[in-house]
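**Student:** Just to be clear, the model below is a prediction. Sequence and coordinates:
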Amino acid sequence: MLKSRLSTEQQLFAGFAVLFLVTGTIYLSAYLTIFDIVKLEKFLDLTHQYRVRIVDVISLLRDSENGARGYVLTGKTSYLKPYNEALNKLPEAIAKIDISAQTDPAQQAAVAAVKKAIDAEQISLKKLVQLRADKASAAEIEEALDRQKDNMDKIHELYDPIDIASLNKLDQYLSRSNSKTLFARGLFPTLGLAMLALFIVVFRQLVANLRSQKLLLESEQQLKDARDKALEGSRLKSEFVTNMSHEIRTPLSGILGMSELLNLKELDSEGQEIAQHLHESTKHLLVIVNDLLDFSKLEAGKMVLEHHEFSPRELLQEVLTITNNDASRKGLFMNTVVEPSVSESLIGDKIRIKQVILNLVYNAIKFTAHGGITISIKSENDRTRIQVTDTGIGIAPDVQEKLFQPFVQADGSTTRVYGGTGLGLSICKSLVSLMSGTMGVSSTLGNGATFWVLLPLAKPHSETGAPDRTLLTHS
């Protein structure tokens, strides 16, 4: 009996000794694997930031290039607005690239070369704009255009090796991580079988518990892997949509500028109809691309708001100027009303607020055959209410609650008859929410609709007095 008891104690001791050894081996292997994975994730994050910031710089250069070329082609100073905005943002964007490249000497050298090429590109763009402003000869402008294109091509030639080098380094880390993972996967089952065989002899119940725990860990790992793959797929999708939207928008802007020039030419009736159709189709396609770009930014949480002082009356005047031609072609009137309670100036993101109002007005024009549209602004407690009311086809109650979801319109026939992606109202809703506001609609089928937005827009501290009620009418 004593011998049997000692034998059992020895078996237990040996079992726990093996358990300690196995646990230590697994811990060491897991630690090394996790260490490599953590290092990889850090590099992935740095590489992603580095590449995104370079893409931002390239995008700003393209915006400035499009603005400058648009100005050269048309002579319209409105094209200088995106040109100047892009040039003003470039120093900050370039500084962010310097921060991302601080830990890598090779990247620092590559960034220095890119910055030199960017400086040359900015000089060529300014020279191009100056030549157009000075009404230089076509030959001089064409030479400046060629020089500017060469500079942009050089930037792309410098950027591509940077991108390839980052991907190569990423492949090296992935290869090391995969080797560690394969080693761990091969080691765990082998040691697990040894543990299982030992504990069957020593303590069967303990073996059963360990087996259950192992299965649970494997299941959790599979779930984690599936989640990580889904998150990575979503990130890559958003990045792809953003990059492709920029790539598509650049040539579309050029086509739009050329079609505007074509409309100014003296053409026969058939030529005018074709030119007008080309212009409208390009505008429509550019709206869709912009919607996709905004939607992907909002979905990825990369939309940034700016807060500046602006005049609500000037804002509505700008909206009227932009939309009046579309309304006039359908014989619709356009009214704007600014109540006396509205301050002369407000603080908020004027560009995004105007985007929301324009989207609502264009929707109203699209779905209104007779009558017109009224845009009103008034104060409600500490918020500002903006309303767009039309005399159009109206919206059924069961459709209103899902109207702000992505890719949703009143019904399938709406898309076929009126066109559109169904993203506009969803983007408006997201932008309003981003500005800490609310948005809704009230409508009866056949009796028009009223879309309203409530925004917490602050007043400038220096403002005094109350403005008069303002009414602007276009028909």
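**Tutor:** Perfect, thanks for sending it.

**Student:** okay, CA-based contacts and neighbour counts for the rest of this
**Tutor:** Will do.

**Student:** Do a quick rundown of the strands in the protein.
**Tutor:** Taking DSSP state E as the test, the strands found in the chain are 308-310, 333-338, 346-348, 372-380, 383-390, 438-443, 449-455, 470-474.

**Student:** want to throw these into CSV with mean neighbour count?
**Tutor:** Compiled in CSV, the strands of the chain are given as follows (neighbours: other C-alpha atoms under 10 Å):
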stretch, mean neighbour count
strand 308-310, 15
strand 333-338, 20
strand 346-348, 19
strand 372-380, 21
strand 383-390, 22
strand 438-443, 17
strand 449-455, 21
strand 470-474, 14
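
**Student:** Just put those strands in a markdown table and tack on mean pLDDT.
**Tutor:** Listed next are the strands of the chain as a markdown table, based on pLDDT from 0 to 100:
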| stretch | mean pLDDT |
| --- | --- |
| strand 308-310 | 93 |
| strand 333-338 | 94 |
| strand 346-348 | 94 |
| strand 372-380 | 94 |
| strand 383-390 | 95 |
| strand 438-443 | 93 |
| strand 449-455 | 95 |
| strand 470-474 | 45 |
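
**Student:** Distance to Ala133 added to those strands, as JSON lines?
**Tutor:** As requested, these are arranged in JSON lines below (distance: least, C-alpha to C-alpha, whole Å):
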{"stretch": "strand 308-310", "distance to Ala133": "29"}
{"stretch": "strand 333-338", "distance to Ala133": "36"}
{"stretch": "strand 346-348", "distance to Ala133": "33"}
{"stretch": "strand 372-380", "distance to Ala133": "38"}
{"stretch": "strand 383-390", "distance to Ala133": "40"}
{"stretch": "strand 438-443", "distance to Ala133": "44"}
{"stretch": "strand 449-455", "distance to Ala133": "41"}
{"stretch": "strand 470-474", "distance to Ala133": "34"}
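
**Student:** so which of these gets nearest Ala17?
**Tutor:** strand 438-443 (64.6 Å; C-alpha to C-alpha).

**Student:** Just checking: what are the partner strands of that closest one?
**Tutor:** In the sheet, strand 438-443 lines up against strand 449-455 (antiparallel) (DSSP bridges).

**Student:** contacts for the partner strand?
**Tutor:** 360, 383-395, 432, 435-443 (C-alpha atoms under 8 Å, 6 or more residues apart in numbering).

**Student:** The same query, at a cut-off of 7 Å, please.
**Tutor:** 383-392, 394-395, 436-443 (C-alpha atoms under 7 Å, 6 or more residues apart in numbering).

**Student:** ditto for stretch 60-75
**Tutor:** 77, 79-80, 82-84, 86-87, 90, 125, 129, 132, 257, 261.

**Student:** Restricted to helices, list those residues.
**Tutor:** Secondary structure from DSSP state H places 80, 82-84, 86-87, 90, 125, 129, 132, 257, 261 of these in helices.

**Student:** Determine which two of those residues are furthest apart.
**Tutor:** Leu90 and Leu261 (29.7 Å).

**Student:** Specify which residue of those two has the higher count of neighbours.
**Tutor:** More crowded of Leu90 and Leu261, by other C-alpha atoms under 10 Å: Leu90, with 20 against 14.

**Student:** measure that one to Val304 for me?
**Tutor:** 16 Å (C-alpha to C-alpha, to the nearest Å).

**Student:** Met258 now?
**Tutor:** 31 Å.

**Student:** Of those two, which one has the most company?
**Tutor:** Shown here are Met258 and Val304; by other C-alpha under 10 Å, Met258 has more neighbours (16 against 9).

**Student:** How much space separates the residue nearest to that one when sequence neighbours are not counted from Ala133?
**Tutor:** The spatially closest residue to Met258, leaving aside those adjacent along the chain, is Leu73, at 7.8 Å (C-alpha to C-alpha, 6 or more residues apart in numbering). Leu73 is 12 Å from Ala133, where distance means C-alpha to C-alpha.

**Student:** Count the residues that sit near Pro312.
**Tutor:** There are 19 residues near Pro312, going by other C-alpha under 10 Å.

**Student:** residues contacting it?
**Tutor:** Ser345.

**Student:** Do you know the pLDDT at the residue lying closest to Gln405 once chain neighbours are set aside?
**Tutor:** Among residues not flanking Gln405 along the chain, Ser426 sits closest, at 5.4 Å (C-alpha to C-alpha, 6+ apart). As predicted, Ser426 sits at a pLDDT of 86.
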